[in-house]
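[1] Predicted model and sequence follow; I will ask about them next.
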Amino acid sequence: MSVDPPDRSDPRRSIELLWGRQEPGRRGPKPRRRLDEVLAAAIALADKEGLKSLSMRRVAETLGLSPMALYTYAPSKAELVDLMIDRVLGEAEAPGEALPDWRSRLEFMARQYWALGHRHPWMLQIASQRPPLGPNFLHRMEAAFRALDGIGLDEVEMELAEGLVSDYVLGAVRSALEARELERQTGLTDEQWLAIAEPALQEILEDGDFPVLRRVGEACRAAYGGMWDRTRGFEFGLQRVLDGIEVFIARKQAAA
């Protein structure tokens, strides 16, 4: 899945817009729609057709507005996308205080963002290293750091641990979405593709040069009931990442 090059040229203007400290736009007639309606229409269009199909004109047409009218909500497509991202991040629930420890809270957040990426795959078409610093993004970061606070990590280690989990989730979602996109482009599911390849593959495996590969493949197909179980793979990897953080904390405590 390709990532679009960043086109946000004014991060300060974006932050002021996200936090309601700047008027959305000065061009165009007086707004006839609420910002919530504009963002809902833009998100629905991106969900259906991808970010490259999104334009100020397309969103305006969906709402029955003139293209110029949309500039009363956002000064450009770049700021509109910033508002969309922060709005979508607000769909993710924060880990409740009832969750007993840092691990269960990070698990909860990771699963929320795994689901979010599947609902809004266009989010992964945007470079994640410079996210829009809106309310929902900062609340997300605050919740993650609160989960990690007071467990034996210093502040820099808290940031590194949060980044480790986030990078894992991002990579897992990206892999799953690439598989989904490949299925859309080819018209073949993973199972259908394997069914075509399997006869020739079996002839190679029966030569005996790949005994472990064959054994693992047969066991996985029996366990998954098909070719791959990406949700199961995500959960396995998430637990191993959290295991690593737990071991790191234990080693720090032992050294202290």
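    Alright, I've got the coordinates. Numbering: from 1, shown residues only.

[2] alpha carbons only for contacts and neighbour counts from here, please
    Will do.

[3] low-confidence ranges in the stretch 51-200 of the chain?
    Applying pLDDT under 70 to the stretch 51-200 of the chain picks out residues 127-129.

[4] Swap in 50 and give it another go.
    Within the stretch 51-200 of the chain, not a single segment meets pLDDT under 50.

[5] just the helices in it please.
    Per DSSP state H, counting those that start in this stretch, the stretch 51-200 of the chain carries helices over the ranges 56-63, 67-70, 77-89, 102-119, 135-148, 155-186, 190-205.

[6] want to throw these into JSON lines with distance to Trp19 and mean neighbour count?
    Shown next, in JSON lines, are the helices of the stretch 51-200 of the chain (distance: least, C-alpha to C-alpha, whole Å; neighbours: other C-alpha atoms under 10 Å):
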{"stretch": "helix 56-63", "distance to Trp19": "21", "mean neighbour count": "17"}
{"stretch": "helix 67-70", "distance to Trp19": "19", "mean neighbour count": "20"}
{"stretch": "helix 77-89", "distance to Trp19": "10", "mean neighbour count": "21"}
{"stretch": "helix 102-119", "distance to Trp19": "22", "mean neighbour count": "18"}
{"stretch": "helix 135-148", "distance to Trp19": "7", "mean neighbour count": "17"}
{"stretch": "helix 155-186", "distance to Trp19": "24", "mean neighbour count": "16"}
{"stretch": "helix 190-205", "distance to Trp19": "44", "mean neighbour count": "12"}
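
[7] So which of those is nearest Pro95?
    Across the helices of the stretch 51-200 of the chain, Pro95 has its closest neighbour in helix 102-119 (5.5 Å, C-alpha to C-alpha).

[8] That closest one relative to helix 155-186, how many degrees between them?
    Going by axes from the mean of the first three to the mean of the last three C-alpha atoms, to 10 degrees, helix 102-119 is angled at 30 degrees with respect to helix 155-186.

[9] domain ranges for this structure?
    11-89, 102-255 (automatic domain parsing).

[10] CSV for those domains, including distance to Gly96?
    Output for these, formatted as CSV (distance: least, C-alpha to C-alpha, whole Å):
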stretch, distance to Gly96
domain 11-89, 17
domain 102-255, 8
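
[11] Just give the number of residues close to Leu133.
    Neighbour count for Leu133, taken as other C-alpha atoms under 10 Å: 20.

[12] Quick check: closest non-adjacent residue to it.
    Ile15 (6.0 Å; C-alpha to C-alpha, 6 or more residues apart in numbering).

[13] per-residue pLDDT, the one you found?
    Note on Ile15: pLDDT of 86.

[14] buried sites along the helix or strand where it lies?
    In the assignment (DSSP states H and E), Ile15 maps to helix 11-18. In terms of neighbour count (16 or more other C-alpha atoms under 10 Å), helix 11-18 has its buried residues at 13-15, 17-18.

[15] could I get that helix in PDB with only the CA atoms?
    What follows is the C-alpha trace of helix 11-18 in PDB, where atoms were taken according to Å, rounded to 0.1, in the frame of the first residue of the first chain:
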ATOM      1  CA  PRO A  11       1.500  22.700  10.600                       C
ATOM      2  CA  ARG A  12       0.700  25.800  12.800                       C
ATOM      3  CA  ARG A  13      -2.400  26.600  10.700                       C
ATOM      4  CA  SER A  14      -3.400  23.000  10.900                       C
ATOM      5  CA  ILE A  15      -3.100  22.900  14.700                       C
ATOM      6  CA  GLU A  16      -5.000  26.100  15.100                       C
ATOM      7  CA  LEU A  17      -7.800  24.800  12.900                       C
ATOM      8  CA  LEU A  18      -8.000  21.400  14.700                       C
END
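
[16] Cool, thanks, talk later.
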